[in-house]
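Engineer: 3D, please:
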Amino acid sequence: MRREGFTLLELMLVMALIAVAAGIAVPVVDSMMHPNQVKASIDAVRANWEQARSRAMEEGRPYRFSVQENGGAFRIEPDDGDINNEKGFTIDGELPETCLFVDGGTGMIDASVKATSGGAYKTVAVFLPDGTARDDADLSFGRPGMARVTLRLRALTGHVSQPKEKTP
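Structural biologist: Here you go, the predicted structure:
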């Protein structure tokens, strides 16, 4: 006698095998994406710092780069208020998913740090019309459960660097 299909037991076994394979594959793929998201965050911050610096030089007025601490939001806006009732160029952006700006320091980002939304912005850097910044700035960010990344902005030159982290 010839069978035309599969039994319910056979279908359930195949579904269980697919679920187990997916359960193993998803965390592996997600962990491979973590470093890429942090690298994308580094690139995003560098690009936006350069954009704020360029805007300050083009328009002849200071621009500030502000972040939401324990969140992924950032903002670029004029630092001098309205000149001749001109609002100025403003960007509201975010880091790639699950990356956060955190307070300075070294070590891992605590997994208990949760992203905040709608919080106050903290000014990190102010770019001046002559291409410099008002002060040196350090900005730390990354993903919970991973080591934080710090970018350093030199005020006099506008140079951005990533200091090497000290390993214990």
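Engineer: Could you list the low-pLDDT ranges of the protein?
Structural biologist: Along the chain, the model assigns pLDDT under 70 to residues 1, 31, 33-34, 81-88, 104-119, 165-168.
Engineer: mind listing the helices for it?
Structural biologist: Remark: helices assigned in the chain by DSSP state H are 8-59.
Engineer: Please report the distance of the most centrally placed residue in it from Val38.
Structural biologist: With distances taken as Cα atoms, centre = their mean, Leu95 lies nearest the centre of the chain, 3.2 Å away. Distance from Leu95 to Val38, counting by Cβ to Cβ, to the nearest Å: 9 Å. Using the backbone N, CA and C atoms, a C-beta is placed for each residue, glycine as well.
Engineer: Pro129 contacts Arg61, correct?
Structural biologist: Yes. Applying Cβ atoms under 8 Å, one finds Pro129 in contact with Arg61, separated by 6.2 Å.
Engineer: My understanding was that Phe141 contacts Ser41; is that so?
Structural biologist: Yes. Assessed by Cβ under 8 Å, Phe141 is found in contact with Ser41 at 5.8 Å.
Engineer: Which residues are in contact with each of those two?
Structural biologist: Both Phe141 and Ser41 are in contact with Leu95, Cys99, Val149, where contact means Cβ atoms under 8 Å, 6 or more residues apart in numbering.
Engineer: Quick check: closest non-adjacent residue to the second one.
Structural biologist: Okay, so that is Cys99. Closest residue to Cys99 apart from its sequence neighbours, by Cβ to Cβ, 6 or more residues apart in numbering: Ser41 at 4.5 Å.
Engineer: give me the number of residues near that neighbour?
Structural biologist: Residues contacting Ser41 under the criterion other Cβ atoms under 10 Å number 23.
Engineer: List the contacts of it.
Structural biologist: Contacts of Ser41 (Cβ under 8 Å, 6+ apart): Leu95, Pro96, Cys99, Phe141, Gly142, Val149.
Engineer: Greatest separation within these: which pair is it?
Structural biologist: The largest separation in the contacts of Ser41, counting by Cβ to Cβ, is between Pro96 and Val149 at 12.5 Å.
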